[in-house]
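Undergrad: quick one, fold the following:
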Amino acid sequence: MIGTAWAAGDTPGMMSDPTFWVAVSFVIFVAIAGKAGWRALTGMLDARAAGIAKQLADAANLRAEAEATLTEYRRKRDAAETEAKGIVEQAQVEAARLRERAAADVETTIKLRERQALDRIAQAEAKAQVDVRIAAVDIAMVATRALLKERMEAGLGSELVDQAIAELPRRLN
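TA: Purely as a prediction, here's the structure:
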């Protein structure tokens, strides 16, 4: 019917125009295709947004872990520095104590050696005195022998014996 009315030249209206229906069908097609395309596009964008949100969440978690690790390592570093300072201070105290002890040991050793040297000097003096006495006795004995020998040869031997006998009671008391 449409075709005959058109062919007859009657213009019944826009509803019978095939261009109108082509335009309507094109608009419907574009709407349906646009809706499907829009869904696909928004789905793709939503998926990408979800992926980006997941990556941001992962990055935030990694950052939090990195900050926690950094804080832990800083705490460990501070503890190690504190311990190192303590060790250095203890070593300095120990070195000072050892220095004082070494100085005291040196002083004690010096005093001991000085005392030993003084003892050796005293022993040497005593020995020298003994040696001098022995030498004096030896010289006196030699002189006495020489004197006695000389007197005995001169005939004074009997006088000396008489004199020694006379002095004997006085010396025994």
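Undergrad: so which elements touch the longest helix along the chain?
TA: Taking DSSP state H as the criterion, the chain has its longest helix at helix 18-154. Judged by 3 or more C-beta pairs under 8 Å, 6 or more residues apart in numbering; DSSP states H and E, helix 18-154 is in contact with helix 157-172. In this view, the C-beta of every residue, glycine as well, is placed from N, C-alpha and C.
Undergrad: got the angle for the helix it packs on vs helix 18-154?
TA: Angle of helix 157-172 versus helix 18-154, following axes from the mean of the first three to the mean of the last three C-alpha atoms, to 10 degrees, is 120 degrees.
Undergrad: just the CA atoms of helix 157-172, as CSV, please.
TA: Output in CSV follows, covering the C-alpha atoms of helix 157-172 (Å, rounded to 0.1, in the frame of the first residue of the first chain):
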residue,chain,number,x,y,z
GLY,A,157,160.5,-14.6,123.7
SER,A,158,160.7,-15.7,127.3
GLU,A,159,159.8,-12.2,128.5
LEU,A,160,156.7,-12.2,126.3
VAL,A,161,155.6,-15.6,127.7
ASP,A,162,156.1,-14.4,131.2
GLN,A,163,154.2,-11.2,130.5
ALA,A,164,151.3,-13.2,128.9
ILE,A,165,151.2,-15.5,131.9
ALA,A,166,151.0,-12.5,134.2
GLU,A,167,148.1,-11.0,132.3
LEU,A,168,146.2,-14.2,132.1
PRO,A,169,144.3,-13.9,135.5
ARG,A,170,143.3,-10.3,134.6
ARG,A,171,142.0,-11.4,131.2
LEU,A,172,140.1,-14.4,132.4
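Undergrad: give me the contact list for that helix.
TA: For helix 157-172, the external contacting residues (C-beta atoms under 8 Å, 6 or more residues apart in numbering) are 148, 151.
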